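Enquirer: Take a look and give me a structure for this.
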Amino acid sequence: MLGADITSFADVRRDDGVHSYLRRTMYGTLERAAGASRLPWPRCRRDDRGDGAMIVLPPGTRAAGVLDALPPRLHALLRHANHGTSDVQRLRLRLAADVGAVNLDEYGTFGRPFIQVARMLDAPPFKAAMAAADADVGLLVSDHLFRSAAPPAWPISRDAYRPLRFTCKETRADAHLWLPRARPVAR
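Expert: Presented below is the predicted three-dimensional model:
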């Protein structure tokens, strides 16, 4: 399960035209990054949330594709998409990932992973870390998913993530944060 949220979507400077641009860019960028990460985008269920999306990946999807490959590819694509745009049009995405059973009924999808992902996307320490880093993308991974994607099945260095504890609504949890490495300052 992967959630995406457009940062500051409701900024009063953003009108319907900017909202449309941000949504198109979000979906296009996610699709390209997923393809480059070998994630089965065509088989994913996408539930639109207006200022983001909840994406249910099919069973058997490798965690490394989401946790290792997707964030840096998405970062590169967002840097390219945001090059030369105004602050109002700059697309910044908070992503959150969890694993678990997802249910489907006549109204859509639901389940514990949806709740966990929604809480992670809204977690104040996540928002603060993204703002402090001025990052175009950040990924917060549930502790459960992080621990279940243990070596040797997980080829990524765990050093790419740092622990982050958060409280949001009735949820208190440990998670793991990925942010792009800071660019060197030109001298």
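Enquirer: helix, strand or coil for G60?
Expert: Per DSSP: H, G, I helix; E, B strand; the rest coil, the local secondary structure of G60 is coil.
Enquirer: lowest average confidence, helix or strand, in the chain?
Expert: The helix or strand of the chain with the lowest confidence, counting by mean pLDDT, DSSP states H and E, is helix 63-64 at a mean of 79.
Enquirer: Please pull up the helix or strand immediately following that one.
Expert: Following helix 63-64 in sequence order, the next helix or strand is helix 70-82 (DSSP states H and E).
Enquirer: Low-confidence regions, the chain specifically.
Expert: Within the chain, the stretches with pLDDT under 70 are 150-158, 182-187.
Enquirer: ok, 80 please
Expert: Screening the chain residue by residue with the criterion pLDDT under 80, one finds the ranges 64-65, 148-159, 182-187.
Enquirer: so where do the helices sit in it?
Expert: Ranges of helices in the chain, per DSSP state H, are 16-36, 63-64, 70-82, 112-122, 124-133, 143-148.
Enquirer: Return the most buried member of those helices.
Expert: Of all the helices of the chain, helix 112-122 has the most neighbours on average by mean count of other Cβ atoms under 10 Å, namely a mean of 21. The way it works is simple: take the backbone N, C-alpha and C, and place the C-beta from them, glycine included.
Enquirer: Now tell me what touches it from outside.
Expert: Applying Cβ atoms under 8 Å, 6 or more residues apart in numbering, the contact partners of helix 112-122 are 1-3, 5, 52, 54, 94-102, 126, 140, 142, 166, 168-169, 171, 173, 175.
Enquirer: What about those, which are in strands?
Expert: By the criterion of DSSP state E, membership of the contacts of helix 112-122 in strands covers 2-3, 5, 52, 54, 94-97, 140, 142, 166, 168, 171, 173, 175.
Enquirer: Among those residues, the buried ones, what's the ChimeraX command?
Expert: One line in ChimeraX is enough to select the buried members of the ones in strands among the contacts of helix 112-122, burial here meaning 16 or more other Cβ atoms under 10 Å:
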select :2,3,5,52,54,94,95,96,97,140,142,166,168,173,175
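Enquirer: Which single one of the ones in strands among the contacts of helix 112-122 is nearest to T61?
Expert: Looking at the ones in strands among the contacts of helix 112-122 and their distance to T61, the nearest is L2, at 9.5 Å (Cβ to Cβ).
Enquirer: Can you give me the first-to-last residue distance of stretch 104-121?
Expert: With Cα to Cα, to the nearest Å as the measure, the ends of stretch 104-121 fall 22 Å from one another.
Enquirer: Good, we can wrap up now.
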